[in-house]
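Visitor: here is my input, please return the structure:
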Amino acid sequence: MRKLIMGLAITLDGYIEGPNGEYDWCFTDQDYGLNEFFERIDAMFIGRKSYEMAQRHSESNQGEVVPGMPALIEYVFSNTLTSVKEGAVLISGDGIAEARRIKNQPGKDIWLFGGASLFDSLMKEGLVDELWMSVHPILLGSGKLLFREQDGRTKLRLLESKVYETGLVSVRYGVDKTHA
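Guide: Below is the predicted model of the structure:
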């Protein structure tokens with residue numbers, strides 16, 4: 001079965017974007033492990049808000065959502081969108097069942113790109129296998145938090161950590177499914 005890997009930039013105080021949706025605090029001076037990560041994946045799960053933000057960003061960056069990102073099958077989870085860009089797949093209705101079905105298909109791992117609502121839903125259903133966070137050395141103080149109130153504890157096991165000279169800390173955790 002393919003792994004679903006939530007991978008994103010986060011501030012030390014837990015925010016994934018600022019109060020106005022900004023992410024100008026994210027370091028872009030090097031790849032911070034992205035190229036190695038891209039070799040592991042062939043698909044992306046993305047929620048509506050993150051999809052719309054990514055489309056706006058790519059329009060002003062020669063079509064790139066993330067520099068160096070290979071062509072991926074993009075699964076857009078939304079009950080309000082009626083269409084998505086060519087090559088993307090719109091998932092509406094029972095997104096949890098579709099996520100399970102896609103995870104069971106052959107292929108490489110899947111990047112859970114965003115956003116917080118989609119992550120929360122998939123995490124509650126036990127579908128997220130890894131958390132890969134690039135923790136940026138900044139306290140935003142407000143914005144959109146990644147982690148919301150949970151029903152219980154989720155045990156994690158450290159898979160990898162790397163400290164960069166910029167102060168960014170990359171951490172990968174496996175989700176312990178026996179206690180999820």
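Visitor: residues making contact with the helix or strand of the chain with the lowest mean pLDDT?
Guide: Of all the helices and strands that make up the chain, helix 48-59 has the lowest average by mean pLDDT, DSSP states H and E, namely a mean of 81. Residues from elsewhere that reach helix 48-59 (C-beta atoms under 8 Å, 6 or more residues apart in numbering): 21, 46, 64-65, 74, 76-78, 80-81, 84-85, 88, 113-115, 117-118. All C-beta atoms are positioned from the backbone trio N, CA, C, and that covers glycine.
Visitor: need the next SSE after it, C-terminal direction.
Guide: With elements assigned by DSSP states H and E, the helix or strand that comes after helix 48-59 is strand 73-77.
Visitor: which outside residues touch that next one?
Guide: 42-48, 51, 84-85, 87-92, 95, 98-99, 102, 118.
Visitor: which positions within whatever helix or strand comes next after that strand qualify as buried?
Guide: Once the chain leaves strand 73-77, the next helix or strand it forms, by DSSP H and E, is strand 89-91. Neighbour counts over strand 89-91 (16 or more other C-beta atoms under 10 Å) mark L90, I91 as buried.
Visitor: tell me what strand 89-91 is packed against?
Guide: strand 73-77 (3 or more C-beta pairs under 8 Å, 6 or more residues apart in numbering; DSSP states H and E).
Visitor: element containing the residue nearest the centre of the chain?
Guide: The centroid of the chain falls nearest to F113 when counting by C-alpha atoms, centre = their mean (2.6 Å). Assigned by DSSP H and E, F113 belongs to strand 109-114.
Visitor: avg pLDDT for that strand?
Guide: On average, the pLDDT along strand 109-114 is 93.
Visitor: that strand pairs with which strands?
Guide: Sheet pairing of strand 109-114 (DSSP bridges) gives strand 4-11 (parallel), strand 41-47 (parallel).
Visitor: touching the shortest one from outside, list them.
Guide: When you say that, I think you mean strand 41-47. Residues outside strand 41-47 that contact it (C-beta under 8 Å, 6+ apart) are 2, 4-5, 54, 72-78, 99, 102, 107-115, 117-118, 122.
Visitor: swap in 6 Å and give it another go.
Guide: Applying C-beta atoms under 6 Å, 6 or more residues apart in numbering, the external contacts of strand 41-47 come out as 72-77, 107-113, 115, 117-118.
Visitor: re the thing from before, are any of the contacts of strand 73-77 buried, and which?
Guide: Using 16+ other C-beta under 10 Å as the burial test, these include 42-48, 51, 84, 88, 90-91, 95, 98-99, 102, 118 as buried.
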